[in-house]
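Asks: model this:
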Amino acid sequence: MAVRVRKAVFPVGGLGTRFLPATKALPKEMLPLVDKPLIHYAVEEARAAGIEEFIFVTGRGKSAIEDHFDHSHELEELLERRGSWEQLNSLRDWLPPPGKVAYTRQQEPLGLGHAVWCARHLIGDEPFAVLLADDVFLAPTPCLKQMVDAYPGKGGMVAVEPVDSAHISSYGVIDVKRKNGESVFEVRGLVEKPLPKDAPSNLAVVGRYILTPIVFDYLNRQERGKGGEIQLTDALSWMAGKAPFYGIQINGKRFDCGNKSGYLQANIAFALEREDLRDELAAYLRTVKL
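Replies: All right, here's what the predicted structure looks like:
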């Protein structure tokens, strides 16, 4: 029987300092992309891939995320009285079933590896996905579903994309054994934020992972990497030497919503996909002079 990926971890404890002052009181994961928050897209993507249990690793000031994935009874009653059934359904249809959402707290901002480690007791002994809300994909098949469909049922897998050498030092980069034309390939190792001359390839990890609990064997050491943080990339590099490990080049367009330019580009791209917004926005864009 094929191994299913049923659980997903969403590390949402970051401070979002690059978007201050907007994120002083609002979690960065709740910044709107058109009319849904970034974290909403990640959860929708997970559900489309068959994820059944949703684990949020939060921090201080993140209660808006918990409220978003819960019923708002006063608002729902108001919409019922008004007969606003379309809006009412838009609030209810995407909510995960009761008992399928869990929250655990990352008390200190010690890095992505530490955030994933904080979810260890909720994972058990099965493979799980990790989704970073900063990375949003516009793709014919949702990114995580592409990964789940290609996942061989053992070991780890990361989503990757080619990155220009000028930006390679901002990413974890894979050392790859790959045949021309393949979209799924074996990974020998990973390097966190290498200098361009030291990068083992131009393929960077882009915010989607399928992991197994073996990764916690490394994260339990609590070893600090670059920036004094517990780096997930270091754990994955170790894991790649202990178990099968794969990369998959995603068919679709990724937007890095962790920076302002990528976030603005994503809003335009997603709005242009909407029938109710496309024509008016396109007409406006044609009037813009640079």
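Asks: Check which helix or strand the residue in the chain sticking out farthest from the centre maps to.
Replies: In terms of distance from the mean C-alpha position of the chain, residue 81 ranks first, at 36.7 Å (CA atoms, centre = their mean). Following DSSP states H and E, one finds residue 81 within helix 73-82.
Asks: In terms of secondary structure, what does that helix contact?
Replies: helix 85-92 (3 or more CB pairs under 8 Å, 6 or more residues apart in numbering; DSSP states H and E). Yep, even glycine has a C-beta here, placed from its N, CA and C like the rest.
Asks: ok, and what's touching the helix it packs on?
Replies: Contacts to helix 85-92, defined as CB atoms under 8 Å, 6 or more residues apart in numbering, come from residues 71-72, 75-76, 79-80.
Asks: Please report how far the residue farthest from the centre of the chain lies from residue 171.
Replies: 50 Å (CB to CB, to the nearest Å).
Asks: how far away is residue 34 from residue 41?
Replies: For residue 34 relative to residue 41 (CB to CB), the value is 10 Å.
Asks: Out of the two, name the residue with the larger neighbour count.
Replies: Neighbour count, other CB atoms under 10 Å: between residue 34 and residue 41, residue 41 has more, with 23 against 15.
Asks: How about the more buried one: what's its closest non-neighbour residue?
Replies: Once flanking residues are discounted, residue 41 sits nearest to residue 136: 5.5 Å by CB to CB, 6 or more residues apart in numbering.
Asks: Count the residues that sit near the one you found.
Replies: Around residue 136 there are 25 residues (other CB under 10 Å).
Asks: Contact partners for it?
Replies: Contacts of residue 136 by CB under 8 Å, 6+ apart are 33, 38, 41-42, 254-255, 257, 266, 270.
Asks: Any chance of JSON lines for those residues, columns pLDDT and secondary structure?
Replies: What follows is the contacts of residue 136, written out as JSON lines (pLDDT from 0 to 100; DSSP: H, G, I helix; E, B strand; the rest coil):
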{"residue": "33", "pLDDT": "97", "secondary structure": "strand"}
{"residue": "38", "pLDDT": "97", "secondary structure": "helix"}
{"residue": "41", "pLDDT": "96", "secondary structure": "helix"}
{"residue": "42", "pLDDT": "97", "secondary structure": "helix"}
{"residue": "254", "pLDDT": "96", "secondary structure": "strand"}
{"residue": "255", "pLDDT": "97", "secondary structure": "strand"}
{"residue": "257", "pLDDT": "95", "secondary structure": "coil"}
{"residue": "266", "pLDDT": "97", "secondary structure": "helix"}
{"residue": "270", "pLDDT": "97", "secondary structure": "helix"}
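Asks: If any of those are buried, give me the PyMOL selection for them.
Replies: Listed next is the PyMOL selection for buried residues among the contacts of residue 136, using 16 or more other CB atoms under 10 Å:
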select buried, resi 33+38+41+42+254+255+257+266+270
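Asks: ok, so of the contacts of residue 136, who is nearest residue 4?
Replies: residue 42 (19.3 Å; CB to CB).
Asks: The closest one against residue 9, yeah?
Replies: No - taking contacts as CB atoms under 8 Å, residue 42 lies outside contact range of residue 9: 10.7 Å.
Asks: Pull up the overlap in contacts between the two.
Replies: Counting by CB under 8 Å, 6+ apart, the residues touching both residue 42 and residue 9 are residue 131.
Asks: Show me the shaky parts of the stretch 101-250 of the chain.
Replies: Along the stretch 101-250 of the chain, segments meeting pLDDT under 70 span 178-181.
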